[in-house]
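1. next input, structure requested:
(4 chains)
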There are 2 protein chains.
Amino acid sequence: MKLEKTTKVGRAEAKRGYEDACGLAHALELIGERWAPLVLRELWLGPRRFSGLRASLPGISANVLTQRLTGLEERGLVRRKQLPPPSSVPVYQATEWAMEAATTLCQLGRWASRAPGHDPSHPVSPVAIMMSMKVNFDPSLAGDFKGIVAFHFGEARYFAEIRDAQIRVERGDPTSADVTISCDPNALKPVLYGGAPVESLRPEGNIEIARRFMTLFSLPPKL
Amino acid sequence: MKLEKTTKVGRAEAKRGYEDACGLAHALELIGERWAPLVLRELWLGPRRFSGLRASLPGISANVLTQRLTGLEERGLVRRKQLPPPSSVPVYQATEWAMEAATTLCQLGRWASRAPGHDPSHPVSPVAIMMSMKVNFDPSLAGDFKGIVAFHFGEARYFAEIRDAQIRVERGDPTSADVTISCDPNALKPVLYGGAPVESLRPEGNIEIARRFMTLFSLPPKL
DNA sequence: CCGTATCCAATAAGATACTG
DNA sequence: CAGTATCTTATTGGATACGG
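-> Numbers count the residues shown, from 1 in each chain, chains lettered A, B, ... in the order given. You can find the predicted model right below:
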């Protein structure tokens, strides 16, 4: 139609910036684009590959994921790496600095889960459910409980360790798990937050530890 | 290929949601739109009117501000009020719940200010500069300093009180200020964070308190 | 399997004018 | 002042198609 650039914008003001010195405005320029915070969430527990990110981010398209990853890389939030040959798989890793934001974003997630409009019936990714454990762990319920629970979500492996009324969540295999749970991330929600029995997940190992573990999380009160 | 819902538009596919039960995804549906976090920032210290918001958000257009305010109101983050007659001015106020998010967003702002790309030469709003004080106050520098500094940014009035190595930032007039500074918010930046002398701002009152006050803030280290 | 490039339709944002 | 209305531009997401 009209190919003429109306020059309204004048110089190459390519990006839409906020022109605001407030750090928050800059945060939005760094991670304010659609999907960006969720990409960071997926990188929270370690490097991931393109297809894994795509699978964990239902609805993102390949081109948008590419844009986000390259954008985040340009801004110093993500580093792209090649695993050593022969695998030579490219993976994306959050920088240490980006990880600090991820911690803050966790809190934002906890805050939002109080909203009346929050629908927990949607699917969750493995990282998302592990993050929910990190953020909804209630130290006051833990007493002197101590245990390591391994989670197998298909090929993906994570574990949570509770000790001294603190929780640690990591990717990979623990040195020694008390109990291992193999399931879909979504199956964990009713057990963690709905009081469903852990037996439904067929835990392997110390079932008593599994049972107790699942009682240590509480969603913040709804509004 | 075999998507049955390929019917182009799909009618009721109203909003673009993330379809992700993770709280963070819902947070983005609540405040992930462009400008939304900055609107909340402006409401951080109390209710504001439409024109004040527009003035503090350089670059936002009236229709987008309207959309944000009505959207935030629908989602329970903002309440619209009418001041009692004869003024009858409509004002927008953040709900208590939204204020919790604002606190987290502050942290995000502090995080982002470490970025190499952060340009502090852009203008800041009164609320933004007050927020920077809140978030960059360094208790370890405060010792037993005690003082109340009032800020007049045109008609807008704010104050900061430091006591017991804590800072409190509010809108309005303090019961008794040690010193009052009338200036543009931007003029405060070099004094707070660049070591410029407070005398350049012509403080009225206890200048020694003003001088000491300005030394109690430190930006996080750049990357 | 890991992406990138391109085209297109649907939205969101921006600029401007205008009304009560 | 407090917004609507309207039009233009930019970004998004989906669907391929294509290269390593």
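2. now do the contacts for the residue positioned nearest the centre of chain A.
-> Central residue check for chain A by Cα atoms, centre = their mean: the C-alpha nearest the mean position is that of A:R41, 3.3 Å away. Remark: with contacts taken as Cβ atoms under 8 Å, 6 or more residues apart in numbering or on different chains, A:R41 is in contact with A:A102, A:L105, A:V127, A:A128, A:M131, B:C22, B:L24. (Each C-beta comes from the backbone N, C-alpha and C, glycine too.)
3. check A:A165 too.
-> Contacts were defined as Cβ under 8 Å, 6+ apart; by that measure A:A165 touches A:P139, A:S140, A:A142, A:G143, A:D144, A:F145.
4. and if you look at A:P190?
-> A:A196.
5. need the phi and psi values for it.
-> Listed backbone geometry of A:P190 is phi -60, psi -30, with angles given as degrees, to the nearest 10.
6. tell me the spacing between it and A:D178.
-> Note on A:P190: its distance to A:D178, by Cβ to Cβ, to the nearest Å, is 22 Å.
7. care to break chain A down by domain?
-> By the record's domain assignment, chain A is partitioned as A:16-112, A:126-213 (automatic domain parsing).
8. lowest-confidence stretch among the ones you listed?
-> Set side by side, the domains of chain A differ in mean pLDDT, and domain A:16-112 is lowest with a mean of 91.
9. doesn't A:S88 fall inside a strand?
-> No - with DSSP: H, G, I helix; E, B strand; the rest coil as the criterion, A:S88 is coil rather than part of a strand.
10. of the contacts of A:A165, closest to DNA strand D?
-> Sorting these by how near they are to DNA strand D, with Cβ to the nearest atom of the strand, puts A:P139 at the top with 36.4 Å.
11. what helix or strand does the residue nearest to the centre of chain A sit in?
-> With the criterion set as DSSP states H and E, the secondary-structure element containing A:R41 is helix A:36-42.
12. and the next element down the chain from that helix?
-> Proceeding C-terminally, helix A:36-42 gives way to helix A:50-56 as the next helix or strand, assigned by DSSP H and E.
13. list the contacts of stretch A:129-139.
-> By Cβ under 8 Å, 6+ apart, the list of residues contacting stretch A:129-139 from outside reads A:41, A:44-45, A:106-107, A:109-110, A:124, A:151, A:158, A:160, A:162, A:165-167, A:169, A:185-186, A:188-189, A:192-193, A:216-220, B:22-24.
14. weed out the non-buried ones from the residues you listed.
-> Those of the contacts of stretch A:129-139 that meet the buried threshold are A:41, A:44-45, A:106-107, A:109-110, A:124, A:151, A:158, A:160, A:162, A:165, A:167, A:169, A:185-186, A:188-189, A:192-193, A:216-217, A:219, B:22-24, by 16 or more other Cβ atoms under 10 Å in any protein chain shown.
15. of those residues, which belong to helices?
-> Secondary structure defined by DSSP state H assigns A:41, A:106-107, A:109-110, A:185-186, A:188-189, A:192-193, B:23-24 of these to helices.
16. most widely separated two among those residues?
-> Greatest spatial distance among those (Cβ to Cβ): A:Q107 and A:N186, at 23.2 Å.
17. quick one: name the residues of chain A near DNA strand C.
-> On the criterion Cβ under 7 Å from any atom of the strand, DNA strand C has as its neighbours in chain A the residues A:8, A:16, A:49-51, A:62-63, A:66, A:69-70, A:89-91.
18. what is the nearest of the residues you listed to B:A210?
-> B:A210 lies nearest to A:R16 out of these, by Cβ to Cβ, at 38.2 Å.
19. skipping adjacent residues, who's closest to the closest one in space?
-> Among residues not flanking A:R16 along the chain, B:R34 sits closest, at 7.8 Å (Cβ to Cβ, 6 or more residues apart in numbering or on different chains).
20. is it true that that neighbour lies in a strand?
-> No - according to three-state DSSP, the state of B:R34 is coil, so it is not within a strand.
21. quick one, what contacts it?
-> Contact partners of B:R34, counting by Cβ under 8 Å, 6+ apart, are A:R16, A:L28, A:G32, B:V64.
22. how much space separates it from A:P37?
-> 14 Å.
23. ok, now A:A150?
-> The value you get for A:A150 to A:P37, if Cβ to Cβ is used, is 27 Å.
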